[in-house]
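>>> After the sequence you'll find the predicted model.
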Amino acid sequence: MDEVSYWFNPRFLQVTVLIDAQQLFARNSPQSIQLQNMLHPARIVEIRKELEKVKWRENVKYDQYQYKVAVMPLTLKRFFASPAVKKMLSVITGLQIKKIKGEWCVFGPGDYTVMQDKIVAQKGVFFELDFTDFWQQAWGGYTSFVDKEEKLRVLPGWNQLTLVKEAKNMQHFVKYVNHRAKNKRMMVRGIVL
Amino acid sequence: MKMFFYNKHKVEKEHSPFPHVVVKNFLFPKKAEAIAQALRKEVFTAKDSDLFKFRQTKEIASSKNRVLQEFYHLLQSAEMLKYIEQLTTVKGLRSIDMSGFIYSDTDYLLCHDDRLEGRKVAYIYYLSEDFSKQDGGALQLFSSKNKHPSKIAKKILPTFNALMVFPVTPVSFHQVQEIMSKKERLTLAGWFHG
């Protein structure tokens, strides 16, 4: 079953919504868009079941990052491989999307990523598909996009897709999650190429 | 300069995971208290980035406070530079920079090696009440593998009136553990340049 109506919340099947998203993405600086309640409710039910079986393992290079990763839940694996999904994201971003590469990860207290001295030119569009049901900014854990100063901040959310086409000298990081955090940020982060 | 040294001061030279020296009871307790009190009156500005979150003063060199100025001049005196050279075996120290830092609940400084042009020896002078394990705020030193930090090998809790110094090298990876209580970690810190 591979249709847009299978994967996306019915809201995103409306042409007006798609055109708005497309225009917003193009107009924002950096080019970006956030789609709330993106996945179809039935897919969310499937994902919740799959989340019960996730086994996290440590992913750490202290001077670069610390967080946990796991094998991508099957529904999300199929989502990213779907031609219909690639077509939809192509419409929104105005790019010819061929591939979506993502990492299923979780950030809890003590976890972070930091920027590097050397900026590697970013190909494609960076994305975060968040599955965090509640969060407070004071806990850290948000993604900050920086070019000399912060240009964009993405807070964790539930069933939320954020796409960001990073400008030339832009970098991003996931802010250190402090001990006050009462939840963990779960998401797929990756690149749309 | 010798009159500043507390006669009960104790020097601990360690080599693991990288060379560092802790001088406990560095100054006379009353002098240390006066410095702490003076520092608390300074203006601290919030600093927040990917790597850290804390509050910091301007360079102490520009402070109008007599007590802090005295400490600044002590640390960059010819005698002190010689003393630090002896302690660390790093030669050619010529000048210092110095700022005050306050770390409060949820503040931190992530793993880094301090390497920047001219920085030869790092120092931290602890001016807050003693911290226990549950408070966080420990200076954590990393062991390294292939010039990258591999794991936390040593934890040094803030102890009032202790001076910590270590040579800046490609393997001097360290971090300040997040503060997890209402205690405030107050320090004067910076680098000896050469």
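That came through fine.
>>> use CA for all of it now, contacts and neighbours both
Noted.
>>> Return the residues of chain B in contact with chain A.
B:50-51, B:106, B:110-112, B:148-151, B:178, B:180 (CA under 8 Å from any CA of the partner chain).
>>> which stretches of the chain form strands?
Picked chain A for this. A:31-35, A:57-61, A:65-70, A:100-107, A:112-113, A:125-131, A:143-147, A:149-154, A:158-165, A:171-174, A:185-192 (DSSP state E).
>>> My question was about chain B, not that one.
B:10-14, B:20-24, B:45-48, B:52-56, B:95-103, B:108-112, B:119-126, B:139-145, B:148-156, B:163-167, B:174-176, B:185-193.
>>> which helices and strands does the last one pack with?
Right, the one you point to is strand B:185-193. Counting contacts by 3 or more CA pairs under 8 Å, 6 or more residues apart in numbering or on different chains; DSSP states H and E, strand B:185-193 is packed against strand B:95-103, strand B:119-126.
>>> The fifth one now?
Secondary structure elements in contact with strand B:95-103, counted by 3+ CA pairs under 8 Å, 6+ apart, are strand B:52-56, strand B:185-193.
>>> For the last one, buried residues please.
Buried positions in strand B:185-193, judged by neighbour count with 16 or more other CA atoms under 10 Å in any protein chain shown: B:185-193.
>>> And the residues you listed, which is closest to chain A?
B:R185 (16.6 Å; CA to the nearest CA).
>>> which residues does the residue nearest the centre of chain B contact?
Centroid check for chain B by CA atoms, centre = their mean gives B:I124 as the closest residue, at 0.9 Å. Residues counted as contacts of B:I124 (CA atoms under 8 Å, 6 or more residues apart in numbering or on different chains) are B:163-165, B:187-190.
>>> now stretch A:178-193, how far from the chain's geometric center?
9 Å (CA atoms, centre = their mean, to the nearest Å).
>>> Quick one: end-to-end length of it, please.
33 Å (CA to CA, to the nearest Å).
>>> And for stretch A:136-152?
End-to-end span of stretch A:136-152 (CA to CA): 17 Å.
>>> Of the helices and strands packed on strand B:185-193, which stretch is the most buried?
strand B:119-126 (a mean of 23; mean count of other CA atoms under 10 Å in any protein chain shown).
>>> Can I get that strand in CSV? Just the C-alpha atoms.
This file holds the C-alpha atoms of strand B:119-126, laid out as CSV (Å, rounded to 0.1, in the frame of the first residue of the first chain):
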residue,chain,number,x,y,z
ARG,B,119,47.3,28.9,25.8
LYS,B,120,50.0,26.9,27.6
VAL,B,121,48.6,26.0,31.1
ALA,B,122,45.0,26.1,32.3
TYR,B,123,44.1,27.0,35.8
ILE,B,124,41.0,27.0,38.0
TYR,B,125,40.9,28.5,41.5
TYR,B,126,37.9,27.2,43.5
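>>> In a markdown table, list the buried residues of strand B:185-193 along with distance to A:Q34 and pLDDT.
Below are those laid out as a markdown table (distance: CA to CA, whole Å; pLDDT from 0 to 100):
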| residue | distance to A:Q34 | pLDDT |
| --- | --- | --- |
| B:R185 | 39 | 98 |
| B:L186 | 41 | 98 |
| B:T187 | 42 | 98 |
| B:L188 | 44 | 98 |
| B:A189 | 42 | 98 |
| B:G190 | 42 | 98 |
| B:W191 | 44 | 97 |
| B:F192 | 47 | 97 |
| B:H193 | 47 | 97 |
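>>> Just the buried positions in the lengthiest helix in chain A, please.
Looking across chain A with DSSP state H, the single longest helix is helix A:15-27. Neighbour-count burial for helix A:15-27, counted by 16+ other CA under 10 Å, picks out A:18, A:21-22, A:24-26.
>>> returning to that earlier point: let's have the strands of chain B in a markdown table, adding distance to B:E33.
As requested, the strands of chain B are exported to a markdown table (distance: least, CA to CA, whole Å):
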| stretch | distance to B:E33 |
| --- | --- |
| strand B:10-14 | 18 |
| strand B:20-24 | 15 |
| strand B:45-48 | 22 |
| strand B:52-56 | 19 |
| strand B:95-103 | 15 |
| strand B:108-112 | 24 |
| strand B:119-126 | 11 |
| strand B:139-145 | 22 |
| strand B:148-156 | 21 |
| strand B:163-167 | 14 |
| strand B:174-176 | 23 |
| strand B:185-193 | 12 |
